[in-house]
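S.K.: sharing a model prediction with you, sequence too.
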Amino acid sequence: MEKAQSFKGGESPPSSGLLMIQAARANQNPAVRKQAMFWLGQSKDPRALAFFEEILTH
């Protein structure tokens with residue numbers, strides 16, 4: 001239920017990008033991190049691109 005409510009593609013408020021980045025970075029549950037990464041990849045949030053660049057360059 002947590003994942004379904006947290007990651008709705010395209011219907012999320014602008015702050016959800018930041019929440020997904022936080023989940024992808026720090027959530028203890030690997031499935032939640034995986035879903036956060038997926039939805040960040042689907043989003044048009046410029047913070048998502050910056051997050052992926054950060055991950056890939058460090």
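M.R.: Arrived safely. Numbers count the residues shown, from 1 in each chain.
S.K.: tell me where this structure has helices.
M.R.: Here the chain has its helices, by DSSP state H, at 2-6, 16-26, 30-42, 46-57.
S.K.: work out the gap between the third one and the centre of the chain.
M.R.: Computed by C-alpha atoms, centre = their mean, to the nearest Å, the separation of helix 30-42 from the middle of its chain amounts to 5 Å.
S.K.: check which residues of it are buried.
M.R.: For helix 30-42, the neighbour count (16 or more other C-beta atoms under 10 Å) marks Val32, Arg33, Gln35, Ala36, Met37, Trp39, Leu40 as buried. Using the backbone N, CA and C atoms, a C-beta is placed for each residue, glycine as well.
S.K.: tell me the pLDDT of His58.
M.R.: Note on His58: pLDDT of 88.
S.K.: could you do Ser15 as well?
M.R.: So, for Ser15, pLDDT stands at 71.
S.K.: for it, grab the count of nearby residues.
M.R.: Counted with other C-beta atoms under 10 Å, residues neighbouring Ser15 total 8.
S.K.: quickly note the distance from it to Arg33.
M.R.: Applying C-beta to C-beta, to the nearest Å, the value for Ser15 to Arg33 is 19 Å.
S.K.: kindly report the same for Ile21.
M.R.: Taking C-beta to C-beta, one finds Ile21 at 11 Å from Arg33.
S.K.: show me where pLDDT drops low in the protein?
M.R.: Within the chain, the ranges that satisfy pLDDT under 70 run 1-14.
S.K.: again, only using 50
M.R.: Scanning the chain for pLDDT under 50 picks out the ranges 1, 4-5, 9-10.
S.K.: surely Gly17 touches Lys44?
M.R.: No - using C-beta atoms under 8 Å, Gly17 is not in contact with Lys44, being 9.0 Å away.
S.K.: who has more neighbours out of the two?
M.R.: Set Gly17 next to Lys44 and count neighbours by other C-beta under 10 Å: Gly17 wins out with 19 against 8.
S.K.: now do the same contact list for that one.
M.R.: Leu40, Ser43, Asp45, Arg47, Ala48 (C-beta atoms under 8 Å, 6 or more residues apart in numbering).
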